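Q: Sequence first, predicted coordinates after that:
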Amino acid sequence: MTLTSRTALSILAVLSVLATSAQQDPPTGANDLQVHGNFNIDGQLYNPDEEIGAVPPPEDWGLNAWGNLIITKGAFEAGLRLESYTPPLLGYPAGEPYTGSGLGYRYARYSQDDLDITVGNFFEQFGSGLAFRSYEERYLGVDNAMDGVRVKFKPTTGVYLKGFIGEQRLGFNSGFTKGPGVVRGVDLELSLNELLDSLAVKGRNLVIGGSFVSKYQEDRDPLLELPENVGLWAARLNYLSPHWNLYAEYAHKINDPNSSNNNIYKDGEALMFNATYVSKGLGVSAGVHSYDNMVFRSNRAAGPFDLNINFLPPLAKQHTYNLPATLYPYATQPNNEVAGQAEVFYKWKKGTALGGKYGTKLAVNGSVAYALDTLRIVDDTVTYDGYTSSLFGTGDRMYFSDFNVELRKKVSSTWEFALTYLNLGFDIETVQGKPGKPLIYADMVILEGMHKLSDANSLRFELQHLSTKQDHGNWATALVEFTFSPHWSLTVMDQYNYGGAVETDEIHYPLGSVAYTRGASRIQVNYGRQRAGIFCVGGVCRAVPAANGLTVSIASTF
Amino acid sequence: MMKQLLLPALLLAGFAGCDVIEEPDNPVPSTNACEGVSNGYGFRRVLLEDLTGFRCPNCPAAADVAKQLDGIYCEDLVVVAVHCTGVFASPTTTPPDPFSTDFRTAAGEAYVSAFSPPGLPNGLVSRRAFDGSQIVGEDNWSSAIADILGEPAQFEVTFQQVNYDTGTETLDLQVKLDVLRDTVGEHNLVVYLLEDGVIEGQEDNRVPGGIVYPYTHNHVLRDNLNGTWGTQVFNGAITTGQSNVLPINDYVLPANVLEPANCHLVAYIYRVDNDEVMQVTERKLVE
């Protein structure tokens, strides 16, 4: 059922009645009525710009806006989100289109003692997400919110149970639309430190968890005998101590022929290990994982961004500097990936030879991802398994490699610098679906400086350079940002693609930005060119088209 | 009490959900033209418009799905290959090289513009919206077709008096529309000209080198006999028993047709308010 604006108005009416009645009763401590929320508006006026390939939409304008309203009173909570895409910004969202204005999320929740019940929309996650993760990334345009019932129950200390049944949000057409499947799941977590007094050691804990998630989708395919109920189970262990965090999770999915695996009946598997060690001034983390045929969606034919039931965490550093973050970020390959990552962080103390007067920070990070070693089954007309494989069997094809070092040092009471070097290997053919393109190798050097002009004013700059002999060649970025506390900041940036070893049109991408902040509200205005690129969050990426124009963003929380 | 019942119920619901299929009963793709039996008079047939291009490497796999479905549904399914978009269907070589033919039509480009597929291959299944979108990926074609096929038809569409003059390559025909059930609204009729057996190149990412030549293109949309969006045949209240005849006279086959003997005619009636194709029929140009 598609929710209409009438439904939204009804819910708003109920909420306002609650609010009115609450105003008539004097507040009584924990049972006070509380109203919270936030809203966000991003509008863009587009100019045509042939040089960068920017084509405005027919409306010349795009607008993404949403507002959340949450009301709590005692053990009850209710909330809704209204959304508007009139029309959506170019390239948004990542998957099924969003259009029009209406209700995007609504729920009611009761939480008392050991019981917590939600009806309507909810987000939830089991373990690291290998079995189930319902979440949203609003700027990515990914939202697979559940719509149904969720129950959380703690029968005794240290035992945590969760269960849910519902459908998933798919797109938005004057209200959220849902996929055709139903998703059901249960999760049990035992916290041994809490459960068994004999094991109780201060600061240490062993958490054991297990999940089962199943989806139902009718088989209406006359060509294939499809499983209508597809189950996935997962088990996890997490050891925590003051210095260590060790995590392991395994997931197994039964036959799930779908559009992403060419309708094969092979089981899916995922195994991951992560270890983190932290002590004063030192942090070390390492992780490996293997994903084999693990796309799990509540519609077999859904696109890569839609109706995902699980989430496969990436093992690649999420860079924040513009060039590495938007040119060659890595997106997880859920059906076929073996990856590893290691990172060391060290801080030389003040007063040491390398630490100097203010201390020195060093972060070294490396990650690599390969295709899984698979062998195609030639005469595959009985079991339709497609191929054979083994977890952590590494194939010949490298998807991604990243080695980066960041040195951060405060050199005086007013100056701080960060110097970063990155070396990337990027299989653009697989990761961005550009057939025939060679593997890209790129080197990047980034210098960031921060200067305190006075107690209220500061200056920050970035100089970034990327060199590669493939793709679009070399890029340079310069950014200067003045901050006049507490309200104003002014930023000027230019990106320049000058090719180097590759012939390019040598294009500049200038962008100016003014931001005003007051309390929990922020208004920002940008004008200039936006380079076509990739925007990623948590290993999920969407393409952002080239654009030229004026952008206005307003955000506020209350 | 509620606490004790809720979670076991959820647990049961969850663990019930596993259908393990050891040996799927999947048919080996058929090479025969038609193996099924038609639903016959009074039921809806389906128009599958395969949005494709000869430089689209994923499109041959979709064409194979269409061919399989054609073998199952026979007369109940009419497949049309709409070669479209400059990216995937514009020629890149000059004759006689394998990508020199421009398969695009003005109507095909207008449909792409109107229905905005996010990429190719994709399709329109009687132009009905499934899960909110009229664009349907090839993996969903079979279930979308199955959704429509069992439905009673509101119209019957039949070709009458089809006369093709081989000397002048001129065509005269009539399309008769019979109303089988009451309905309302503006309805248009469109007539397509298709051609089978067109030999050209085709990009195909399933083969070494990525190019198949010669590749036989079937169901190729060559022209619309009465414009991109057709001719209005009904409007307002439409009552059972009503009928209409659309004549098309002195239509000259376009220059892109290679062999009239390989051509087919397709006629369909659609609702103008939502574009849904309500009935479709097909016949050979020369029988």
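A: Perfect, I can see it now.

Q: quick one: contacts for the single nearest residue of the stretch 1-150 of chain B relative to chain A?
A: Ranked by CB to the nearest CB, the top residue of the stretch 1-150 of chain B for proximity to chain A is B:Gly17, at 2.7 Å. Using the backbone N, CA and C atoms, a C-beta is placed for each residue, glycine as well. Neighbour list for B:Gly17: A:184, A:214-216, A:229-231 [criterion: CB atoms under 8 Å, 6 or more residues apart in numbering or on different chains].

Q: let's go with 6 Å and repeat that
A: Under the criterion of CB atoms under 6 Å, 6 or more residues apart in numbering or on different chains, the neighbours of B:Gly17 are A:214, A:229, A:231.

Q: restrict these to contacts with chain B.
A: Filtering those for proximity to chain B (criterion: CB under 6 Å from any CB of the partner chain) leaves A:214, A:229, A:231.

Q: what about A:Ser285, neighbour count?
A: The burial count assigned to A:Ser285 is 16, neighbours taken as other CB atoms under 10 Å in any protein chain shown.

Q: Phi and psi next, for the closest residue to A:Glu228 other than its chain neighbours.
A: Leaving out its chain neighbours, the residue that sits closest to A:Glu228 by CB to CB, 6 or more residues apart in numbering or on different chains is A:Asp219, at 5.1 Å. Main-chain dihedrals, A:Asp219, degrees, to the nearest 10: phi -90, psi 110.

Q: and A:Asp219, what pLDDT?
A: At A:Asp219 the predicted local distance difference test score is 88.

Q: Correct me if wrong: it contacts A:Asn229.
A: No - under the criterion of CB atoms under 6 Å, A:Asp219 lies out of contact with A:Asn229, with a separation of 10.1 Å.

Q: Those two - which one has more neighbours?
A: The neighbour comparison of A:Asp219 against A:Asn229 (other CB under 10 Å) goes to A:Asn229, with 16 against 13.

Q: Buried residues, the longest strand seen in chain A. List them.
A: When secondary structure is assigned using DSSP state E, the longest strand within chain A turns out to be strand A:387-410. Applying a neighbour-count criterion of 16 or more other CB atoms under 10 Å in any protein chain shown, the buried positions in strand A:387-410 are A:387, A:389, A:393-394, A:398-402, A:404, A:406, A:408-410.

Q: which one of those sits closest to chain B?
A: Nearest to chain B among the buried residues of strand A:387-410, counting by CB to the nearest CB, is A:Tyr387 at 14.9 Å.

Q: now stretch B:89-99, how far from the chain's geometric center?
A: A distance of 25 Å separates the C-alpha centroid of stretch B:89-99 from that of its chain, computed with CA atoms, centre = their mean, to the nearest Å.

Q: pLDDT of that stretch, averaged?
A: Averaging pLDDT along stretch B:89-99 yields 84.

Q: likewise stretch A:527-536?
A: Confidence over stretch A:527-536 (mean pLDDT, whole number) is 86.

Q: Same question for that stretch: list its buried residues.
A: So for stretch A:527-536, counting by 16+ other CB under 10 Å, buried means A:527-536.

Q: how about the helices in chain A?
A: A:5-24, A:192-195, A:322-326, A:428-431 (DSSP state H).

Q: Flag the shaky bits of the chain, pLDDT-wise.
A: Using chain A here. Under the criterion pLDDT under 70, the flagged ranges of chain A are A:1-30, A:198-201.

Q: try again with chain B
A: Within chain B, the segments meeting pLDDT under 70 span B:1-16, B:27-37.

Q: now the helices for it?
A: Across chain B, reading from the start of the chain, the helices by DSSP H fall at B:2-15, B:59-73, B:86-89, B:106-115, B:138-149.

Q: Export these to JSON lines and append columns for distance to A:Asn336 and mean neighbour count.
A: Putting those into JSON lines (distance: least, CB to CB, whole Å; neighbours: other CB atoms under 10 Å in any protein chain shown) gives the following:
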{"stretch": "helix B:2-15", "distance to A:Asn336": "28", "mean neighbour count": "14"}
{"stretch": "helix B:59-73", "distance to A:Asn336": "19", "mean neighbour count": "20"}
{"stretch": "helix B:86-89", "distance to A:Asn336": "26", "mean neighbour count": "18"}
{"stretch": "helix B:106-115", "distance to A:Asn336": "32", "mean neighbour count": "17"}
{"stretch": "helix B:138-149", "distance to A:Asn336": "19", "mean neighbour count": "22"}
